[in-house]
Structures are given as structure tokens and as C-alpha cells.
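J.: missing the sequence, but the structure's below:
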Ligand SMILES: [Zn+2]
């Protein structure tokens with residue numbers, strides 16, 4: 001079933017889905033969400049939410065934003081149902097000033113909506129009888145891996161959930177030994193698996209990557225090594241794990257329209273951005289009961305394309321560019337982890353890396369490279385140093401001694417990241 005057909009069926013709309021019908025349904029769900037939040041959530045009762053329905057979706061821009069900090073507070077709670085109706089609580093560290101963790105609450109129906117979306121998204125390239133290797137964390141109930149296993153059961157596919165601690169070489173071998181039709185996991189973990197063990201007798205049909213940005217050279221490597229069609233997915237715990245997924249055209253990720261309304265706003269002024277203009281991604285959950293989020297600032301930089309897709313879908317397409325606050329301003333431009341990803345993963349021996357920036361005169365960028373086998377790693381350090389020197393952003397900094405780079409090797413094919421991969425600063 002196409003994502004449009006699934007969206008129409010989920011929202012009881014007629015197929016083929018039209019943009020007008022979807023907008024009308026989203027306006028209805030937005031008004032329902034606002035009315036429910038005002039009535040059921042102590043947090044939203046205190047916010048000045050309008051007590052008359054929005055006439056147009058664009059009227060949503062009059063409402064106040066919510067932020068990650070709002071999810072760290074217990075008083076007043078953001079939850080909108082009693083504790084007995086909460087099926088899952090997910091606790092996440094925050095990078096905010098309070099240091100308090102974010103807490104996300106999901107009702108049984110919210111969890112079912114997550115699994116239904118995972119089945120619909122994975123169903124774009126997964127068939128009954130397929131073997132699907134899942135390399136996301138899955139030990140805890142409600143984790144991505146756990147929900148994917150449930151979704152694969154709905155599709156009639158065989159799920160193989162691998163332990164999070166499985167070394168990448170073993171993961172690569174398992175994908176070949178299990179004759180996996182589809183694999184799903186975080187980009188760098190999948191790259192390390194593919195580069196540590198190149199299958200000789202098997203091709204993977206499709207790979208679903210999520211939880212981190214998908215660098216183009218990483219995508220290319222998985223296409224070359226596995227022969228797989230690579231599908232990018234964006235989501236966060238706040239969106240109910242799933243958020244948007246690529247179609248076979250691979251030109252943006254189609255939004256999970258029954259559950260999420262997306263806006264792009266100017267990060268400074270909060271004013272709405274025109275179509276296709278990058279800004280901060282702001283989401284409002286639809287149909288969420290445990291803890292609805294209204295105009296939640298994700299901190300992600302993205303743009304939204306509402307033009308129909310070449311695949312035939314009318315679902316808006318999201319292009320996520322990275323975190324808003326990430327990066328270091330240098331005289332020749334802004335250095336981000338994405339810059340380094342695109343340079344370093346283009347080297348066929350690199351499986352992972354960490355990057356630490358320390359201030360000084362000059363500042364030092366310390367790169368720790370990971371590779372499949374240290375025995376064959378003699379030239380990887382000078383080669384990657386050359387790649388960095390050749391970069392139009394980094395090269396001029398090095399040439400004028402405004403930056404120093406140290407490059408060393410990690411003992412394992414995957415690095416310790418302490419949570420999300422990022423360009424750390426000291
Ligand atoms: Zn499409």
C-alpha cells in the first residue's frame with residue numbers, strides 16, 4: 001500500500017488522496033488536539049491556547065511554541081491522560097541548560113500508531129516472507145527495535161533483532177548468513193558492518209537508515225557494497241519515533257501526515273518560512289493522547305516541499321539538514337559534523353570517527369578515525385589528512401595556520417560517542 005493510500009485509509013479519506021482533503025483532515029485533527037490539550041493537560045491549560053477552532057491551518061502560527069525544556073518539567077505536567085493510561089514512558093537526556101531529562105509519555109493507542117506507521121513505511125520495500133535484520137536498540141519495550149519487530153509481524157516478515165553490542169563485523173556476517181532482504185539501522189553502524197564484512201554471495205534489497213544524518217558517501221557505500229536501495233528516515237522520540245520517510249524517488253522524505261503537522265519557522269523571529277525555505281522544524285502531533293505536542297521546536301534545520309512528488313504522492317516532503325545549533329564558525333565558513341562526514345566517509349577505509357574541537361591559538365581539531373582492520377590501516381591517517389587539506393572550507397584554515405588538525409586511530413571499528421554523534425567543543 002502506498003503511503004498516500006495508507007494515509008487516506010488511516011484518516012478515513014477517499015483514495016486517491018488529494019492535498020485539499022489532507023489539509024482539511026489535518027485542520028480538523030489540529031483543532032481536536034488543541035481542544036483536547038486545553039481540557040486534559042495542566043500544562044496546556046496554563047498556556048493561552050485559543051478556545052475557538054482555527055479557521056485555517058495557517059492560524060496555527062498565532063499559538064505559542066513549546067520547547068524541549070517543557071518536556072523536562074513535572075509541574076505542571078504536559079501529560080493529558082492519567083498515569084494508568086500511559087503505556088510507555090521514554091526518558092531522554094537533554095542538552096538544555098537545566099540538564100534535566102526529557103520525558104515522553106505514550107498511551108496504548110499512541111504506541112499502536114507508531115507500529116502502524118513503521119509497518120506502512122517499511123512496507124514500501126518489505127514484503128511478506130522477507131527477512132529483515134534490525135540493528136536499532138531493541139531491548140527495552142517501546143524502543144525503535146522493539147516497535148520495528150512488532151511492525152514486521154504485521155507485514156508477515158521475519159524480524160531478526162540483533163543485540164546492540166554485536167560487533168560490526170559480526171553484524172555484516174549475520175546479514176549475509178541470514179540472507180537479509182531488508183536491513184534497518186543507524187547509518188554509521190550499517191556502514192561499519194558493510195565495510196568490516198563485504199558479502200560475496202548475497203545482495204540486500206533495501207536498507208532503512210535513521211537516527212542520524214545520512215551522508216551521501218555513506219549512502220553510496222551501502223549501495224555499492226550491499227547492492228541495496230537506501231531509504232532515509234527522519235524521526236525523533238517526540239514525533240513518536242517515526243516522522244518522515246523517503247520514497248523510491250529519493251527527493252525528500254514524505255511526512256507521516258496522520259500523526260504529524262510540520263511547520264518551518266525562522267529560528268530567530270519564529271515567523272513562518274515560505275515553502276522550500278530552510279528554517280527550524282516545528283511539529284504538532286495529531287491524534288497523540290498521552291502527551292500531545294503543540295508547535296514543538298525540534299531544533300532541527302529543515303525545509304518542507306509541498307509540490308507533488310515524481311512518485312505520485314501529494315504528501316509534503318521534508319529535507320532535514322542537521323541541528324540548528326551545531327557547528328563552529330571559522331573565517332572560511334561554518335564547520336559542522338556534516339562537513340566532516342562528507343569528507344571522511346568518502347574514504348573507503350573509514351567506518352566511524354569522532355571530532356573534538358578545542359579553542360586555542362590556533363584552535364585544534366582532533367579527529368579519531370575508526371577503520372575495519374588496523375592491520376591494513378597504515379596509510380589511512382595521511383590519506384584522510386590530505387582529504388581534509390583538499391576541502392575548500394578546511395584547507396585555507398590549515399594553509400594560514402588558523403587551525404591545526406591532529407588525526408589518530410581508534411582501536412575498534414566503531415567509536416564511543418556518548419549519545420548522539422556530534423562535533424564536540426572544549
Ligand atoms: Zn515521493
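T.: Thanks, I have the structure now. Keep in mind it's a predicted model, so treat the numbers as computed, not measured.
J.: how far is stretch 114-130 from where the chain is centred?
T.: Remark: stretch 114-130 is offset 17 Å from the chain centroid, using C-alpha atoms, centre = their mean, to the nearest Å.
J.: okay, how far is it across that stretch, tip to tip?
T.: Stretch 114-130 has an end-to-end distance of 21 Å (C-alpha to C-alpha, to the nearest Å).
J.: name the residues of it that are buried.
T.: For stretch 114-130, the neighbour count (16 or more other C-beta atoms under 10 Å) marks 114-126, 130 as buried. Where C-beta positions appear, they are placed from N, C-alpha and C, glycine not excepted.
J.: can you check stretch 131-140 too?
T.: 131, 132, 133, 134, 135, 136, 137, 138.
J.: nearest to the ion among those?
T.: residue 132 (22.0 Å; C-beta to the ion).
J.: residues in contact with that closest one?
T.: Counting by C-beta atoms under 8 Å, 6 or more residues apart in numbering, residue 132 touches 122, 126, 148, 152, 157-160, 180-184.
J.: tell me the bridge partners for the residue nearest the centre of the chain.
T.: The centre of the chain sits closest to residue 234, judged by C-alpha atoms, centre = their mean, with a distance of 3.3 Å. Taking DSSP bridges as the rule, residue 234 bridges to residue 244.
J.: wait, isn't it in contact with residue 252?
T.: No: Residue 234 is not in contact with residue 252 according to C-beta atoms under 8 Å; the separation is 10.0 Å.
J.: give me the common contacts of those two.
T.: residue 318.
J.: how about the contacts made by residue 1?
T.: Applying C-beta under 8 Å, 6+ apart, the residues near residue 1 are 9, 120, 123.
J.: quick check, residue 298 in a helix?
T.: No: under DSSP: H, G, I helix; E, B strand; the rest coil, residue 298 sits outside any helix and is assigned strand.
J.: just the pLDDT for it.
T.: The model reports residue 298 with a pLDDT of 97.
J.: and the nearest residue to it once chain neighbours are set aside, how far from the ion?
T.: Leaving aside its chain neighbours, residue 298 sits nearest to residue 281 (4.6 Å; criterion: C-beta to C-beta, 6 or more residues apart in numbering). Noted for residue 281: a distance of 19 Å to the ion, by C-beta to the ion, to the nearest Å.
J.: ok, residue 281 touching residue 261?
T.: No: distance between residue 281 and residue 261: 11.3 Å, which falls outside the contact criterion (C-beta under 8 Å).
J.: which of these two has more residues huddled nearby?
T.: Set residue 281 next to residue 261 and count neighbours by other C-beta atoms under 10 Å: residue 281 wins out with 28 against 22.
J.: from residue 199, how far off is the more buried one?
T.: Noted for residue 281: a distance of 36 Å to residue 199, by C-beta to C-beta, to the nearest Å.
J.: low-scoring stretches of the stretch 301-426 of the chain, by residue?
T.: Nowhere does the stretch 301-426 of the chain drop to pLDDT under 70.
J.: which positions in it make contact with the ion?
T.: Within reach of the ion by C-beta under 5 Å from the ion, the stretch 301-426 of the chain has these residues: 309, 311, 313.
J.: you'd agree the first one is up against residue 252?
T.: Yes: counting by C-beta under 8 Å, residue 252 is a contact partner of residue 309 at 7.4 Å.
J.: shared neighbours, the two?
T.: residue 317.
J.: looking at those two, which one has more neighbours?
T.: When residue 309 and residue 252 are compared for neighbours, residue 252 comes out ahead with 24 against 19, by other C-beta under 10 Å.
J.: if I look at that one, how far off is the ion?
T.: 7 Å.
J.: need phi/psi at that residue.
T.: Dihedral angles of residue 252 (phi, psi; degrees, to the nearest 10) stand at phi 100, psi 160.
J.: do residue 303 as well
T.: Per degrees, to the nearest 10, the backbone of residue 303 is at phi -130, psi 160.
J.: the closest residue to it other than its chain neighbours: neighbour count?
T.: Once flanking residues are discounted, residue 303 sits nearest to residue 278: 4.5 Å by C-beta to C-beta, 6+ apart. Residue 278: 17 surrounding residues under other C-beta under 10 Å.
J.: which strands and helices lie in contact with the helix or strand containing residue 231?
T.: In the assignment (DSSP states H and E), residue 231 maps to strand 229-234. Counting contacts by 3 or more C-beta pairs under 8 Å, 6 or more residues apart in numbering; DSSP states H and E, strand 229-234 packs against strand 206-209, helix 216-226, strand 244-246, strand 253-255.
J.: could you pull up the mean pLDDT of the longest one?
T.: Think helix 216-226. For helix 216-226, the mean per-residue pLDDT is 98.
J.: which residues of the stretch 101-250 of the chain lie near the ion?
T.: Residues of the stretch 101-250 of the chain lying near the ion (C-beta under 5 Å from the ion): 247, 249.
J.: residue in the stretch 101-250 of the chain nearest to the ion?
T.: Closest point on the stretch 101-250 of the chain to the ion, by C-beta to the ion, is residue 247, at 3.2 Å.
J.: and for that residue, nearest residue in space, chain neighbours not counted?
T.: In space, residue 247 is closest to residue 311, 4.3 Å off (C-beta to C-beta, 6+ apart).
J.: quick one: residue 262 is in a strand?
T.: Yes: judged by three-state DSSP, residue 262 forms part of a strand.
J.: ok so, going back, what is the burial count for the residue nearest to residue 247?
T.: Residue 311 has 18 neighbours, counted by other C-beta under 10 Å.
J.: for it, what are phi and psi?
T.: Dihedral angles of residue 311 (phi, psi; degrees, to the nearest 10) stand at phi -80, psi -10.
J.: right, and it touches residue 248 too?
T.: Yes: with contact defined as C-beta under 8 Å, residue 311 reaches residue 248; the gap is 6.1 Å.
J.: centre of the chain to the helix or strand harbouring residue 407, how far?
T.: Residue 407 is part of strand 404-409 when elements are defined by DSSP H and E. Centroid displacement of strand 404-409 relative to its chain, using C-alpha atoms, centre = their mean, is 29 Å.
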